[in-house]
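A.B. asks: Give me a model of this one.
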Amino acid sequence: MIDLHAHTTASDGSLGFEELVAEAERAGLKALAVTDHDNVQSARKITGHEPLEVIPGIELSVFDHTLGYEDIHIIGLYINPEHAALNSKLNSLGREEQKKATVAKLNELGYSITYEEVKAKSQGVVGRPHIAMVLMEKYPAEFPKMADAFNKLLARGRPACIGRESGFGLGEAIDLIHSAGGLSFLCHPFIYPYDSEKLAKDFKKLGGNGIEVYYDYVANRPGVPITYDENDALKGKASALAGKCGLLESGGSDFHGKGKRGHQHLGEFGAPDGVLGKIKAALGRSEK
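C.D. replies: Purely as a prediction, here's the structure:
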């Protein structure tokens with residue numbers, strides 16, 4: 001199996017880069033993509049790990065007000081993490097301002113936490129899981145699990161979920177990934193409150209390369225619990241959508257490690273080896 005969607009402490013994961021690689025090796029994976037949110041801090045550390053192939057990647061957050069899409073996630077695989085234009089855009093994003101606004105909103109709602117407490121939980125980019133960690137520590141009776149903080153306050157549509165004005169346009173995200181030498185993939189297409197087929201077609205029209213078919217919706221649909229059979233049905237639906245739109249297939253566990261809404265098992269929702277072969281063929285790379 002391969003896992004093309006995993007995070008480190010550089011964004012909102014609980015394992016550092018080397019720990020993540022070691023965990024992937026223990027899981028017996030053939031390939032692992034490091035896809036932190038809106039940063040390439042860990043991707044820069046990739047030098048080659050035989051027999052495990054470690055792929056430099058990124059997960060970009062799209063806030064496309066023209067097309068009407070908010071908080072759509074696009075993964076770039078095989079990117080150059082030193083690419084100047086990509087890094088310039090990443091440095092201009094308003095993630096910190098968004099998280100400070102979230103903390104301020106929580107204060108208004110009666111939760112006494114500070115941004116400094118949240119920042120102390122992160123080794124890189126601050127994310128909502130770091131806010132949830134502080135809520136769990138200070139209000140353990142109300143938030144015994146991270147999922148409780150997301151379901152009540154931090155998930156999309158909840159009282160403390162603050163949108164972000166600055167981000168990537170959908171076409172901009174795709175173009176930057178391509179200019180950085182990578183291929184672009186639409187993440188977890190059935191998470192969003194949008195028509196999945198229209199989104200996939202818009203993504204393809206703007207030059208997108210693939211869609212995340214293999215994914216763990218069981219763990220990552222807060223407030224909308226589904227069974228493993230339903231998860232398999234969504235996998236089939238995503239595969240059919242990829243075929244209909246002429247998109248490559250991808251997939252991964254969306255691994256974050258301890259506490260992130262069930263994403264604790266690296267490779268559990270990975271993709272078959274053959275998926276990577278098709279991605280490499282599209283990119284013009286040879287198999288190892």
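A.B. asks: make it CA atoms for all contacts and neighbour counts henceforth
C.D. replies: Will do.
A.B. asks: Hmm, Pro189 is touching Gly210, no?
C.D. replies: No: Pro189 lies out of contact with Gly210 (CA atoms under 8 Å); the separation is 11.0 Å.
A.B. asks: Which stretches in the stretch 1-150 of the chain count as strands?
C.D. replies: 2-6, 31-34, 53-64, 69-77 (DSSP state E, counting those that start in this stretch).
A.B. asks: outside of the shortest one, which residues touch it?
C.D. replies: Just to be clear, that refers to strand 31-34. With contacts defined as CA atoms under 8 Å, 6 or more residues apart in numbering, strand 31-34 is touched by 1-8, 21, 24, 42-43, 52-58, 77.
A.B. asks: Name every strand pairing with it and say which way it goes.
C.D. replies: Strands that pair with strand 31-34, judged by DSSP bridges, come out as strand 2-6 (parallel), strand 53-64 (parallel).
A.B. asks: Any buried residues in the first one, and which?
C.D. replies: Of all the residues in strand 2-6, those buried under the rule 16 or more other CA atoms under 10 Å are Ile2, Asp3, Leu4, His5, Ala6.
A.B. asks: ditto for stretch 204-212
C.D. replies: Per 16+ other CA under 10 Å, stretch 204-212 contains these buried residues: Lys204, Gly207, Gly208, Asn209, Gly210, Ile211, Glu212.
A.B. asks: same deal with stretch 225-235?
C.D. replies: Buried residues in stretch 225-235 (16+ other CA under 10 Å): Asn231, Asp232, Leu234, Lys235.
A.B. asks: Check stretch 137-154 too.
C.D. replies: Buried residues in stretch 137-154, defined by neighbour count with 16+ other CA under 10 Å: Phe143, Lys145, Met146, Ala147, Asp148, Ala149, Phe150, Asn151, Lys152, Leu153, Leu154.
A.B. asks: nearest to His65, of the residues you listed?
C.D. replies: Distance to His65 across the buried residues of stretch 137-154 (CA to CA) is lowest for Leu154, with 21.3 Å.
A.B. asks: Spatially nearest residue to that closest one (excluding sequence neighbours)?
C.D. replies: Nearest residue to Leu154 in three dimensions, chain neighbours excluded: Cys161, at 4.8 Å (CA to CA, 6 or more residues apart in numbering).
A.B. asks: For Pro189, see how far away the one you found is.
C.D. replies: In this view, Cys161 and Pro189 are 20 Å apart by CA to CA, to the nearest Å.
A.B. asks: and what of His73?
C.D. replies: 9 Å.
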